[in-house]
Structure formats: structure tokens, C-alpha cells
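Trainee: have a look at this fold, sequence not included:
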């Protein structure tokens, strides 16, 4: 797809446009964010869906009758066979409003081959938003930037998604000139605002490279997950895992270092460190039953999502 580049001094796929985000709707059917509809090996397969017990449409189980159960749900056949009163339990899905948190800070402004992490994060946020809307639930968003936070309150409204995508595009295209201020202050502001929105029985999707999240933020995420479903999508670039077999200079606006990628020991150490960090992050989140999956900047987002939600990839 040919892209209109708003920054002529940058290559294609460095920035995203609203038109491009709107095309992400066609991929919405690829993913399902309802945990009770996941395949066993899917990233969400081990999570329990939030349930309302009552006279719903979906049969869930037969169990021993407990005082207070609706007598209309007694299973008389099982009761007669076992000589013990049993009742049928039905499940009914609660409304599951969603909040999609997408990182558009400076660390996301990187891509070594095809797209930047910020572009991939924007695409995934759009797919997620359209998917939630198709499920009939309210959806809102939080856009994290270097100098502030944008909040779109959850609504069951297509125009609300449009506002969310417009904020993402604004922050994305501002990455060229954005200045990193106090990351700690920005994250504290994010946490306060999310806590004001998310109460219980929400779906919270956080899309980031998770390169700047300290113990306090991890603790906050785990607290949110106590009463809500939380999914973390880690956006990665191949060069973060494997450095080129060449000598090159890397750095930011403050520091530069020379990296000799011709040294195999250095390349191996670099790759091992990345994998260990990612596995440690996954293990840490697993303790709180928070699934984590990765999306890279090179492969098709459609194919990656198919792999993630079919259980072919972690």
C-alpha cells in the first residue's frame, strides 16, 4: 500500500495517517478479546471470562444445590440419579467496556527495517478498538506521549473511535519534534487517569515496548488486573534482539556509543539478554494472570494476530 508521507525528510512507514488507521478495521475479525472464546493454546486461553450467575443463555455446569440457589434451576434427572439435589448453572456475559492504552513516546520512534514501533502500536490499537466495537461494548483510549496524556472516555460510538485514532495520529506525527520530559511524571499521570476510568470488569489493553516501566508501574498494572482483564502487547523491532554484523554508532540525543557487531560474543550476549528480559517480564505478569504477547515491526500485523490468537505463537 502506498503511503502518504507527511514528513518528506523521513522514509515511509515512520509515521501513520488517519486514513491508514481506518483501514485496520478489516483486520478486526482476526482477533477476539473475549477470553471465554479463545482456543486453549491462545494467549487468552487460560483466562476465565467474567460471569454473571443466573438464568443466562449458556449452560455452564451442574453442581450440588446450595441454599439460596434458584429452585427453578434444579436438575431433576441428575438429582434422581444421584439422590443428591443438583442445580444447573448458567452463565451470561457481562458488559465488558474496554480501555486501550497505546504508547506513542520517543522510545517507540524506532524501526530498523519496515515500520516504526509507534506505527505498529497505532495499528494494533486501531484493530483492537474496532474489534471491541464489533463485540458491542464501549471502548475508549489513552494515548501516552512524552509531554502528556490524551484520554478518550469509553463509549459505544464509532465517532468515539475516530477521536481516539485522531489523537494517536497527532501524537505519532509529533514524535519527530517531541522532547522527552519527566517520564516518571507522565506515567504517574497516566496511572491516576486510568484508575479514574477503570473500576471493575473492564478489558484493559496496553500496547508498548515496555522499555521504561519500573516496579511501580508493574505494581499498578497488577492491581488493575485484580478486578479487570488486562492484556499486554509488547511491540518489538528485530534490531532490539539481533544487532547487525557490523561496527556502528548508536545513541540518542544525549549519548552515543560505538557497537562492534562483528563480535559474535557481543551479538550472542545481546540476543540472550533480550530473550531473558522478555521471559522475565512474561513470568512476572503470569503471576498476576496477565497474558503478554509480542508484535514485531516487520511481519504483517494480520498474520501475527492470527498466530497469537490461534495459539501458534507467544
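Mentor: Arrived safely, thanks for sending. Here the structure is a predicted model, which means the values were calculated and not measured.

Trainee: CA only for contacts and neighbour counts going forward, please
Mentor: OK.

Trainee: wait, what's in contact with residue 149?
Mentor: 142, 143, 186, 189, 190 (Cα atoms under 8 Å, 6 or more residues apart in numbering).

Trainee: so the third one versus residue 145, what's the distance?
Mentor: Between residue 186 and residue 145 the distance is 8 Å, computed by Cα to Cα, to the nearest Å.

Trainee: rewinding a little: helices - which of the contacts of residue 149 land there?
Mentor: The helices, defined by DSSP state H, take in 186, 189, 190 from the contacts of residue 149.

Trainee: so what's the last one up against?
Mentor: Read that as residue 190. 144, 149.

Trainee: and if you look at the first one?
Mentor: Residue 186 sits next to 144, 146, 147, 148, 149 when contact means Cα under 8 Å, 6+ apart.

Trainee: now do it against residue 22, distance only.
Mentor: 28 Å.

Trainee: what's the answer for residue 173, then?
Mentor: 16 Å.

Trainee: could you do residue 292 as well?
Mentor: In terms of Cα to Cα, residue 292 sits 25 Å off from residue 22.

Trainee: which of those two has more neighbours?
Mentor: Per other Cα atoms under 10 Å, whichever of residue 292 and residue 22 has more neighbours is residue 292, with 21 against 16.

Trainee: what's across from the more buried one in the sheet?
Mentor: The bridge-partner assignment for residue 292, based on DSSP bridges, gives residue 232.

Trainee: so what pLDDT did residue 23 get?
Mentor: Per-residue confidence (pLDDT) for residue 23: 94.

Trainee: residue 191: how many residues sit nearby?
Mentor: 16.

Trainee: what's stretch 204-212 in contact with?
Mentor: For stretch 204-212, the external contacting residues (Cα under 8 Å, 6+ apart) are 98-103, 107-108, 117, 121, 124-125, 228-236.

Trainee: hmm, back to that, generate a PyMOL selection restricted to the buried subset of the contacts of residue 186.
Mentor: The PyMOL selection below is limited to those of the contacts of residue 186 classed as buried (16 or more other Cα atoms under 10 Å):
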select buried, resi 144+146+148+149
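
Trainee: would you turn the contacts of residue 186 into a markdown table with distance to residue 278, pLDDT and secondary structure?
Mentor: Formatted as a markdown table, those follow (distance: Cα to Cα, whole Å; pLDDT from 0 to 100; DSSP: H, G, I helix; E, B strand; the rest coil):
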| residue | distance to residue 278 | pLDDT | secondary structure |
| --- | --- | --- | --- |
| 144 | 22 | 94 | strand |
| 146 | 24 | 89 | coil |
| 147 | 27 | 85 | coil |
| 148 | 27 | 87 | strand |
| 149 | 26 | 92 | strand |
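
Trainee: ok now stretch 215-224, how far from the chain's centre?
Mentor: Centroid separation for stretch 215-224 versus its chain: 15 Å, with Cα atoms, centre = their mean, to the nearest Å.

Trainee: flag every buried residue along that stretch.
Mentor: 217, 221, 222, 224.

Trainee: check stretch 21-33 too.
Mentor: 21, 22, 24, 25, 27, 28, 30, 31, 32, 33.

Trainee: how close does the third one get to residue 118?
Mentor: Spelled out, it's residue 24. Look at residue 24 and residue 118: by Cα to Cα, they are 15 Å apart.

Trainee: again with the fifth one
Mentor: Taking Cα to Cα as the measure, residue 27 falls 18 Å from residue 118.

Trainee: and the contacts of stretch 204-212, which of them are in strands?
Mentor: Using DSSP state E, the subset of the contacts of stretch 204-212 located in strands is 98-103, 229-236.

Trainee: return the member of these nearest to residue 85.
Mentor: residue 229 (34.3 Å; Cα to Cα).

Trainee: next one, pLDDT for that closest one please.
Mentor: 91.

Trainee: quick one: residues contacting it.
Mentor: 201, 202, 203, 204, 290.

Trainee: let me know the closest of the ones in strands among the contacts of stretch 204-212 to residue 247.
Mentor: Compare each of the ones in strands among the contacts of stretch 204-212 with residue 247 using Cα to Cα and the shortest gap goes to residue 236, at 22.1 Å.

Trainee: who are the contact partners of that closest one?
Mentor: 117, 209, 294, 295, 296, 297.

Trainee: next, count neighbours for the last one.
Mentor: The number of residues packed around residue 297, counting by other Cα under 10 Å, is 23.

Trainee: can you count the residues close to residue 263?
Mentor: 12.

Trainee: sweet, I'm off.
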